[in-house]
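Student: quick one: sequence and predicted model below, then my questions.
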Amino acid sequence: MELSKKMQDALNEQIKEELFSSYLYLSMAAYCESSNLPGFAHWMQAQSGEELEHAMKFFGFINDRGGRVILQALDQPAAEFGGPTDLFEKTLAHEQYITGRIHKLYALAVEEKDYASLSLLQWFVDEQVEEERTASEILELLKMTGDKGQGLIMLDRQLASRGE
Ligand code: OFO
């Protein structure tokens, strides 16, 4: 079944969203580096890499379906943040936004009876549950440690151990 123009456009839009996510987390990594939080920086850089993989999943899928990938312009991500708690509040809010985008794509695939897209999007629906859970877990820890002190140093060490 051929990829509809409407679905192709929506998937191309999602490539942009995933690339912007990658760009945003890379900017957050740079902020963490400049704030002497190497563990947080490592976590954000790993997250940025994961978002690039998400973009490439859509990239590969459009090509596999005989569609055409059209890359779009990315906005400049924020460079300054108000500390680790603010960073993870923004991370969680961003992931909730992305979940909404994925759900819209899923609804479009249902409407179009595009079962191949549904199968891909099911993976993303599940992934978003994980993304939100991880961000809120770290945010909960930050609520306990606050933005400075021994607790934050320990959390920074913990985040340094995230695998790629
Ligand atoms: Fe691509 O999951 Fe986060 O944004």
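Tutor: That came through, no problem.
Student: check which element follows whichever strand or helix holds Arg101 along the chain.
Tutor: Using DSSP states H and E, Arg101 maps to helix 84-111. Downstream of helix 84-111, the next assigned helix or strand under DSSP H and E is helix 115-145.
Student: any idea of the pLDDT on Glu164?
Tutor: pLDDT, Glu164: 61.
Student: next one: Asp9
Tutor: 98.
Student: mind checking how far the strand or helix carrying it is from the chain centre?
Tutor: Using DSSP H and E, Asp9 falls within helix 5-34. Distance, stretch centre to chain centre, for helix 5-34: 7 Å (CA atoms, centre = their mean, to the nearest Å).
Student: and what of stretch 97-117?
Tutor: 17 Å.
Student: tell me which parts of the protein are close to the ligand?
Tutor: Residues of the chain found near the ligand (CB under 6 Å from any ligand atom) are 18, 21, 51, 54, 95, 98, 131. Bear in mind the C-beta positions are built from the backbone N, C-alpha and C, glycine included.
Student: take the residues you listed and write them to TSV, including neighbour count and distance to Ala109.
Tutor: Output for those, formatted as TSV (neighbours: other CB atoms under 10 Å; distance: CB to CB, whole Å):
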residue	neighbour count	distance to Ala109
Glu18	22	17
Ser21	24	21
Glu51	21	21
His54	22	17
Glu95	22	21
Ile98	22	17
Glu131	24	20
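Student: can I get the residues you listed in JSON lines with distance to Val110 and pLDDT?
Tutor: As requested, these are exported to JSON lines (distance: CB to CB, whole Å; pLDDT from 0 to 100):
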{"residue": "Glu18", "distance to Val110": "21", "pLDDT": "98"}
{"residue": "Ser21", "distance to Val110": "24", "pLDDT": "98"}
{"residue": "Glu51", "distance to Val110": "25", "pLDDT": "98"}
{"residue": "His54", "distance to Val110": "21", "pLDDT": "98"}
{"residue": "Glu95", "distance to Val110": "22", "pLDDT": "98"}
{"residue": "Ile98", "distance to Val110": "19", "pLDDT": "98"}
{"residue": "Glu131", "distance to Val110": "22", "pLDDT": "97"}
